[in-house]
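K.L.:
coordinates only, sequence not included:
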């Protein structure tokens, strides 16, 4: 079909040029079915070849290659053929005779046939296009934009001119393929205004196109990935089209789309389940290295254990045929699934080691990280990797590359850090964004700890570099003027350096930019505040006000992120109450379209805030929903899987305790028992100290139990019983938990039921919990939502709850044995009796 299209294009040009006589050369080209036949026609008719013949021949050569699988293409053989040189010379001599469409087609074909971008032919073609670019039809303009991307000219003046033309003529584009191709090409240059216009136009054209063409929505998703912007309605529309086409996709296209979704943090249950089924169907037909590696990378992370083992066995059998890039892709997939197949890991490592000279700096960094996280044991291998990383680092001038190499180098054991490495890092820090600065600071912290001289003092070379990092970080925050850009830099930032050096300045900067908070970035800001555990009432109030005002513009799924800091940080105000109400009204009509795991997380966040929308609770605990959730959990990464299961249990517990009228059954008994068996942890020295003093205060160690498991499986640090006169009551049996000298907690053989003695008439159970710093916001003594919810639930279960904040127990006022005892007496007896 492609060849026919090419022939028709050539024929139209000839007829348009007035050539009504039979063109024997064209007829000979038309019947060619292979590259050798094209070259034979060229060889016999060199003197007769005109510009249309050359264009037709070059186009056919690329079409022949395009129709072949990647592994069977013979581009290098074509390039080395003598008649290909003839075509290149003829093309270069006839550039002025080419029409606009042929000019773009010719450049595109030659670049696809691996002609060097610096070749004079390519350079002259580009120059000629530049002269004509204002009159180019949009189809040719999109093809030319692809050519510039191939030459890494994303930020060139020429690409800027294409962006300007696209802006001017956007409303005239009616072909989704042309538009989406241009969107990807100019993505690094679009303004927010043009971004919104492109998204609006793409949204319109996707409604008019053939649903079976999934490349158009894929390019739209790629555009959003490139500009780091998620427009949820358009993303969902693209997903529907892609989902419709999953049964026709190959592993390569599925792998690309899943990578784009991951970058955008877009999870769709239906898509993942359809992809899992489709990839499983493709297993038997993926018999070559190219298709199998694409399949392995896409399927292994979401496959069942049985299928995963089969994939690993097949990979081991095919491994010797893997290319360097395929081995790297498999290595990263093995790291993602935390593979324990030592034979496969060792085999892949051997292939990688043979090809170390081929990899680029970023690929060496990715290789090192993958095998380090796989806990691969091979000192010689890692020594080679380290030496290559150091060499690349010392020669790199790109901030992102220096940051990645530095971060990965800090993972490896290092007796000493070369001065040249420090100098190279210092040379680029002024160009780094906040996330890069944070990564470098974390790497330096590791180097400092591993430096033999660290036990005496911090070496001056590190001190100077840390000072540079601090200075650059503060300067970047003080000069920041765009909230969207700042939030992008802060998206993944964490760690001690940021909290100690930049957090305060960051909060000042965010408050300075409060007028830029709007419905498009409010959820990102809310997520950041949640992640850093920082309570800032002015920002919280402004977030709530913006969200309430523009709730109809906020996508229903973004209500979860918007609400999260209010629930997690336990921020309570009249504005916050109104925010909960409007968010519930916003998402309720769309409950059925939520991804199952996200709906569970949303339900839990609301439960922490003591909100239980009936429609939401009934949906989550319906049989159909739980079945869909169970299917989705099998495709999620392990950490998200475990987090979702835990939150479902906690939501189940909250619904049973706080909303008995909903009649939600408690079905997590077995799950909690499994967690209990895995949870044999340690008791901190402070908790051991409190345990001992409680024994003294209550009149004997047999009056207090440690790590008591309540109904619905809360674990309270200590439990005691006071009779109606507020006198301690001794337990009939010792605690079912014992604390060893090293602080280890050991479960006894007594059951939960046996450990709960019957209460004497009028007696009261008292739960005593020590609250460490995790129970409070980092910048204040304000208690977080989960601790408040636990207290609420324990009181429902019949406890009087005593909470001992760490900042009170460790205060200067409580620095003596008697002061601590008096504090406990006051907490248990005075406050409870009041």
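P.N.:
It's in. All of these numbers come straight from a predicted model, not from anything done at the bench.
K.L.:
hey, which helix or strand in this protein has the poorest pLDDT?
P.N.:
helix 752-755 (a mean of 44; mean pLDDT, DSSP states H and E).
K.L.:
which stretches of the stretch 401-550 of the chain have low pLDDT?
P.N.:
Segments of the stretch 401-550 of the chain classed as low confidence (criterion: pLDDT under 70) are 415, 452-459.
K.L.:
Can you show me the helices along it?
P.N.:
Counting by DSSP state H, counting those that start in this stretch, the stretch 401-550 of the chain has these helices, from start to end: 419-428, 434-450, 460-479, 483-490, 496-497, 503-512, 522-532, 537-549.
K.L.:
Now render these as CSV, adding distance to residue 224.
P.N.:
Every C-beta, even on glycine, is put in place using the N, C-alpha and C of the backbone. Rendered in CSV, the data for the helices of the stretch 401-550 of the chain read as follows (distance: least, C-beta to C-beta, whole Å):
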stretch, distance to residue 224
helix 419-428, 29
helix 434-450, 20
helix 460-479, 26
helix 483-490, 13
helix 496-497, 31
helix 503-512, 25
helix 522-532, 14
helix 537-549, 22
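K.L.:
Between those, which one is closest to residue 52.
P.N.:
Taking C-beta to C-beta as the criterion, helix 483-490 is the member of these that comes nearest to residue 52, at 48.9 Å.
K.L.:
Quick one: low-confidence residue ranges for the protein.
P.N.:
The model of the chain has pLDDT under 70 over residues 1-21, 415, 452-459, 680-681, 732-757, 831-834.
K.L.:
mind listing the strands in it by residue range?
P.N.:
705-709, 715-722, 728-729, 737-739, 745-747, 764-771, 799-805 (DSSP state E).
K.L.:
Now do the third one: which elements does it pack against?
P.N.:
Think strand 728-729. Using 3 or more C-beta pairs under 8 Å, 6 or more residues apart in numbering; DSSP states H and E as the contact test, the elements touching strand 728-729 are strand 715-722.
K.L.:
Starting from the strand it packs on, tell me which strands it pairs with and how they run.
P.N.:
On the basis of DSSP bridges, the sheet neighbours of strand 715-722 come out as strand 705-709 (antiparallel), strand 728-729 (antiparallel), strand 764-771 (antiparallel).
K.L.:
if we look at the last one, which residues are touching it?
P.N.:
Identification of contacts with strand 764-771 by C-beta atoms under 8 Å, 6 or more residues apart in numbering yields 684, 686-687, 690, 694, 708, 710, 716-722, 759, 783, 787, 790, 794, 798-806, 809, 827-828, 832.
K.L.:
Can I have the buried ones of the residues you listed as a ChimeraX selection?
P.N.:
Remark: buried members of the contacts of strand 764-771, expressed as a ChimeraX selection using 16 or more other C-beta atoms under 10 Å:
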select :687,690,694,708,710,716,717,718,719,720,721,722,783,787,790,794,799,800,801,802,803,804,805,806,809,827,828
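K.L.:
Next one: residue 252 relative to residue 293, how far apart?
P.N.:
Applying C-beta to C-beta, to the nearest Å, one obtains 10 Å for the distance of residue 252 from residue 293.
K.L.:
To clarify, my last question referred to residue 600.
P.N.:
Applying C-beta to C-beta, one obtains 34 Å for the distance of residue 600 from residue 293.
K.L.:
if we can go back for a sec, as TSV, the strands of the chain with distance to residue 308 would be great.
P.N.:
Putting those into TSV (distance: least, C-beta to C-beta, whole Å) gives the following:
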stretch	distance to residue 308
strand 705-709	35
strand 715-722	34
strand 728-729	54
strand 737-739	38
strand 745-747	33
strand 764-771	41
strand 799-805	45
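K.L.:
out of these, which comes closest to residue 318?
P.N.:
strand 745-747 (47.1 Å).
K.L.:
Quick check: chain neighbours aside, which residue is closest to residue 102?
P.N.:
For residue 102, ignoring the flanking residues on the chain, the nearest one in space by C-beta to C-beta, 6 or more residues apart in numbering is residue 55 at 4.7 Å.
K.L.:
Excluding sequence neighbours, find me the nearest residue to residue 364.
P.N.:
Nearest in space to residue 364, with sequence neighbours left out and distances taken as C-beta to C-beta, 6+ apart, is residue 388 at 5.4 Å.
K.L.:
Count residues in the vicinity of that neighbour, would you?
P.N.:
Each residue near residue 388 was counted by other C-beta atoms under 10 Å, and the total is 19.
K.L.:
so residue 181 makes contact with residue 147?
P.N.:
No - here residue 181 does not reach residue 147: they are 11.2 Å apart, not a contact under C-beta atoms under 8 Å.
K.L.:
and the closest residue to residue 227 other than its chain neighbours, backbone torsions?
P.N.:
Take residue 227 and drop its neighbours on the chain: the residue closest to it by C-beta to C-beta, 6+ apart is residue 187, 5.3 Å away. The phi and psi values for residue 187, taken as degrees, to the nearest 10, are phi -60, psi -30.
K.L.:
for stretch 126-134, which positions count as buried?
P.N.:
Taking 16+ other C-beta under 10 Å as the neighbour-count basis, stretch 126-134 is seen to contain the buried residues 126, 128, 129, 133.
K.L.:
tell me how far that stretch is from the chain's mean position?
P.N.:
Using C-alpha atoms, centre = their mean, to the nearest Å, the distance from the centre of stretch 126-134 to the centre of the chain it belongs to is 40 Å.
K.L.:
before we move on, what about stretch 106-114?
P.N.:
Going by C-alpha atoms, centre = their mean, the spacing between the C-alpha centre of stretch 106-114 and its chain's C-alpha centre is 35 Å.
K.L.:
still on that earlier bit, of the helices of the stretch 401-550 of the chain, which is nearest residue 60?
P.N.:
Taking C-beta to C-beta as the criterion, helix 483-490 is the member of these that comes nearest to residue 60, at 45.2 Å.
K.L.:
That closest one vs helix 434-450, what angle?
P.N.:
For the pair helix 483-490 and helix 434-450, the angle between their directions (axes from the mean of the first three to the mean of the last three C-alpha atoms, to 10 degrees) equals 20 degrees.
K.L.:
From the contact counts, what lies against helix 483-490?
P.N.:
Judged by 3+ C-beta pairs under 8 Å, 6+ apart, the packing partners of helix 483-490 are helix 434-450, helix 503-512, helix 522-532.
K.L.:
Mind putting these into JSON lines with mean neighbour count?
P.N.:
Below are these laid out as JSON lines (neighbours: other C-beta atoms under 10 Å):
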{"stretch": "helix 434-450", "mean neighbour count": "20"}
{"stretch": "helix 503-512", "mean neighbour count": "17"}
{"stretch": "helix 522-532", "mean neighbour count": "21"}
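K.L.:
any chance of those in TSV, with distance to residue 554 too?
P.N.:
TSV is the format used below for those (distance: least, C-beta to C-beta, whole Å):
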stretch	distance to residue 554
helix 434-450	26
helix 503-512	19
helix 522-532	7
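K.L.:
Many thanks, we can stop here.
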